[in-house]
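Chemist: Provide a 3D model corresponding to the input given below.
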Amino acid sequence: MRKPNMIIIGAPKTGTTSLHYYLAQHPEVYMSDDKEPHFFCNDLHEENDAFFKFNKYFRYRSEKDYLNIFKDAKDEHVIGEASTTYIYSKTAAQNIYNFDPTMKIVAIIRDPLDLAFSWYNYLKFLTHETAESFEEALSLESARKKDYSKIPDCVLYPTSIFYSEVVDFSNNLKRFTDLFPEEQCKFILYDDLKENVGKVYEETLKFLGVDDQFVPDFSMKNVSGGARFKGVKEKVDNLSFAFRQKFYQYRNSPILKKAKDAYNTVFVKEGEKSIMSMEDRISAQKWFKTQVEETGVLLGEDLIKKWKYQS
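Modeler: Got it, this is the predicted structure:
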């Protein structure tokens, strides 16, 4: 059975779904059908189990089950997957290295303020976050870390709403650069992916050592939406987790696809996005400025200037 030799480690809300989709089209690349197996972040598995007393979210706990998602790979040069939890997991980097020290690592990096705001809105849409404002969610993090009873039971796992950890690129990437040599790591700026996807894709193909002249369908995936009937949606989502875990292998069946379509019709409003005012943006920059400075040093780029942080 083939093993992965490339992993997109995240971050969430940075275009990993789109990159996964673009790479999957390449004839020399096999990307797992289950985009986010979250296998190597066992610290988050344990956190999930301790918080809920059952496995609410993480399907792949054994290497056998994990490798089974690559069973259809043939003679492709690159075998890969994309799990956005790996970048902020405390154990994933070491686990991946132990699995294969020659693994190629890809990460997409976004202004942590924009990422945290987008992640907050996404969690609100999923009904996993109860804070009524972004500022409140940031201010609650310290108390939530000290007292897990303050964490809403609708979350997937506690760290998912620790925004400063999810977007802490300087420390998160260092866990990987401390283990994997520079030539095995490809760090992409979200801005570059958004503004010149063709160039970034070509550079990524060169990094992976496959034909860099292949051009995929660059239609964007995972477009943001809003939620209808949030109170009802929260109850439906919480009740459906056990069902989804048990029947996940049948997710592409006609019946479950129809059920998903019906769910989206009732609960999802396409294209609705929250916008941060300039005043709120300047105020929130204080939460992330140090991380931006340190990430810029790691990448050798003035990200304070690029992302227009106040001096």
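
Chemist: switch to C-alpha atoms for all contacts and neighbour counts from now on
Modeler: OK.

Chemist: so F187 belongs to a strand, correct?
Modeler: Yes. Assessed by DSSP: H, G, I helix; E, B strand; the rest coil, F187 belongs to a strand.

Chemist: okay, strands next: where are they in the stretch 51-200 of the chain?
Modeler: Remark: strands of the stretch 51-200 of the chain, listed N- to C-terminal, are 78-82, 104-109, 185-189; assignment by DSSP state E, counting those that start in this stretch.

Chemist: quick one: closest of those strands to D153.
Modeler: Within the strands of the stretch 51-200 of the chain, the stretch nearest D153 is strand 78-82; the backing value is 26.3 Å (C-alpha to C-alpha).

Chemist: tell me where the model's unsure across the protein.
Modeler: Low-confidence segments of the chain, defined by pLDDT under 70, are located at 220-273.

Chemist: recalculate using a threshold of 50.
Modeler: Filtered on pLDDT under 50, the chain yields the residue ranges 227, 229, 233, 248, 250-251, 256-257, 263-267.

Chemist: against Q213, how distant is the residue nearest to K186 when sequence neighbours are not counted?
Modeler: Spatially, and ignoring its direct neighbours in sequence, K186 is nearest to V106 (4.8 Å; C-alpha to C-alpha, 6 or more residues apart in numbering). When C-alpha to C-alpha, to the nearest Å is the yardstick, V106 and Q213 sit 20 Å from each other.

Chemist: and S219, by the same measure?
Modeler: Relative to Q213, S219 is positioned 18 Å away (criterion: C-alpha to C-alpha).

Chemist: quick revisit: mean neighbour count and distance to Y66 added to the strands of the stretch 51-200 of the chain, as CSV?
Modeler: Shown next, in CSV, are those (neighbours: other C-alpha atoms under 10 Å; distance: least, C-alpha to C-alpha, whole Å):
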stretch, mean neighbour count, distance to Y66
strand 78-82, 24, 11
strand 104-109, 24, 18
strand 185-189, 17, 23
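
Chemist: would you turn those into a markdown table with distance to F207?
Modeler: As requested, those are exported to a markdown table (distance: least, C-alpha to C-alpha, whole Å):
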| stretch | distance to F207 |
| --- | --- |
| strand 78-82 | 11 |
| strand 104-109 | 9 |
| strand 185-189 | 7 |
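
Chemist: out of those, flag the one nearest Y163.
Modeler: In this view, the strands of the stretch 51-200 of the chain are compared for proximity to Y163 by C-alpha to C-alpha, and strand 104-109 is the closest at 14.7 Å.

Chemist: who touches the closest one?
Modeler: Strand 104-109 is contacted from outside by 5-11, 14-16, 87, 169, 184-190, 208, using C-alpha atoms under 8 Å, 6 or more residues apart in numbering.

Chemist: go on, stretch 32-46?
Modeler: For stretch 32-46, the surrounding residues in contact (C-alpha under 8 Å, 6+ apart) are 17, 20, 55, 58-61, 66, 69-70, 79-86, 89-93, 95-96, 157, 159.

Chemist: alright, calling it a day.
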